[in-house]
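Enquirer: pasting the structure only:
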């Protein structure tokens, strides 16, 4: 169950509302999925616990499907 913030609502994915903060978190995780909840929270203006909950909600709702490693073929 995702948090609902009507004033920041962007779109609905099944029962989950993805707001601007969630979008910012997703953008940051796409750049570097190893960022901690503390680092993400500092970037989006949240403390670590609510930020961690948002990431868990995004995973549970299937918005974050998996995390992958991008390899440098020249070094392999």
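Expert: Sure thing, it's come through. All of these numbers come straight from a predicted model, not from anything done at the bench.
Enquirer: so where's this protein shaky on pLDDT?
Expert: Scanning the chain for pLDDT under 70 picks out 1-16.
Enquirer: all helices for it, in order.
Expert: 20-31, 37-44, 48-60 (DSSP state H).
Enquirer: chain center to the second one: distance?
Expert: Chain-centre distance of helix 37-44: 10 Å, with CA atoms, centre = their mean, to the nearest Å.
Enquirer: And for the longest one?
Expert: Using CA atoms, centre = their mean, we find the averaged C-alpha position of helix 48-60 to lie 7 Å away from the chain's own average C-alpha position.
Enquirer: Which positions within that helix qualify as buried?
Expert: 51-52, 54-55, 57-58 (16 or more other CB atoms under 10 Å). Where you see a C-beta, it was placed from the backbone N, CA and C, and this is true even at glycine.
Enquirer: now the residues you listed as JSON lines including distance to residue 70?
Expert: As requested, those are exported to JSON lines (distance: CB to CB, whole Å):
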{"residue": "51", "distance to residue 70": "23"}
{"residue": "52", "distance to residue 70": "24"}
{"residue": "54", "distance to residue 70": "24"}
{"residue": "55", "distance to residue 70": "20"}
{"residue": "57", "distance to residue 70": "25"}
{"residue": "58", "distance to residue 70": "20"}
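Enquirer: Looking at these, spot the one nearest residue 21.
Expert: residue 54 (6.9 Å; CB to CB).
Enquirer: Okay, that closest one and residue 62: tell me how far apart.
Expert: 15 Å (CB to CB, to the nearest Å).
Enquirer: distance of the residue lying closest to residue 40 once chain neighbours are set aside from residue 36?
Expert: In this structure, residue 40 finds its nearest non-sequential neighbour in residue 51, 4.9 Å apart by CB to CB, 6 or more residues apart in numbering. When distance is defined by CB to CB, residue 51 is 9 Å away from residue 36.
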